[in-house]
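Colleague: sequence below, structure please.
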Amino acid sequence: MQRKVLFVSGIDTNIGKSYGTALLKKLYSDRGVRAITQKMIQTGNDDRSEDIELHRRLLGEGWQAADESGATAPIIFSYPASPHLAARLDNREIDLTVIDKATERLLGEYGYELVLLEGAGGLMVPITEDYLTIDFVKERGYPIALVTSGRLGSINHTLLSLEVCQSRGIEVTYLIYNRYPKVDELIEEDTLSYLEKYLAKHFPETELIQMQAWTEVAQ
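Modeller: The predicted structure is shown next:
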């Protein structure tokens, strides 16, 4: 396959992006694609990315050479906040070329065919005071996988995320429906049904993946 990057975002924080990223890695690996996960910007850590560690644990993998070199988590801030605030609190600036160079190392030096690049928060999260995550995705032409759930409010947040992608000309390759933790069953099933119909009408090329068994096993 052509070497590429798939950006993993979510409709909210704590929606299951890291689980969705690991799930995609498993799905592509099962198809024979040499893929690796990467964290765009990690906040709330000091030297190692907890999200990369979670990916490796979920997949039953050890710490990779690319992890050790910092290529899978090129920017880490100590305070658990959006990147623009975390950078300010650490008295540092965010250099996006650091992320781009790390991604290129994964595709070049390390020979991966696909990089699953997990974002920080949702698509409209600010990286700097005047630059959003969606700007980063759009400028690089990355397709995205969007993680959602069946909790109350998810329909609104999901449709807003889908619409902003459509308005920016960003391809939504996957919508990952996270069914863990369990929520109101009536709302969860209705949300799933609604989103299935919405995708069929407005985003027919987007594949919906349910993420229930994976998260239950992973826990």
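
Colleague: what about the residue lying farthest from the centre of the chain, helix or strand, and which?
Modeller: Centroid-distance maximum for the chain: residue 186 at 27.1 Å, with C-alpha atoms, centre = their mean. Per DSSP states H and E: residue 186 is located in helix 185-202.

Colleague: what comes up buried for whichever helix or strand comes after that helix?
Modeller: Moving toward the C-terminus from helix 185-202, the next helix or strand (DSSP H and E) is strand 207-211. Under the neighbour-count criterion of 16 or more other C-beta atoms under 10 Å, strand 207-211 has 209, 211 buried. Glycine gets a C-beta too; all of them are placed from N, C-alpha and C.

Colleague: which helices and strands sit right next to strand 207-211?
Modeller: Contacts defined by 3 or more C-beta pairs under 8 Å, 6 or more residues apart in numbering; DSSP states H and E place strand 207-211 against helix 17-30, strand 172-178, helix 185-202.

Colleague: tell me the mean pLDDT over it?
Modeller: For strand 207-211, the mean per-residue pLDDT is 95.

Colleague: stretch 74-81 now?
Modeller: Rounded mean pLDDT across stretch 74-81 is 97.

Colleague: what comes up buried for that stretch?
Modeller: Of the residues in stretch 74-81, those buried (16+ other C-beta under 10 Å) are 74-77, 81.

Colleague: likewise for stretch 162-169?
Modeller: For stretch 162-169, using 16+ other C-beta under 10 Å, the buried residues are 162, 165.

Colleague: residues making contact with that stretch?
Modeller: Applying C-beta atoms under 8 Å, 6 or more residues apart in numbering, the external contacts of stretch 162-169 come out as 123-124, 134, 138, 144, 146, 171-172, 175, 198, 202-203.

Colleague: just flag the most distant two among the residues you listed.
Modeller: 138 and 198 (22.3 Å; C-beta to C-beta).
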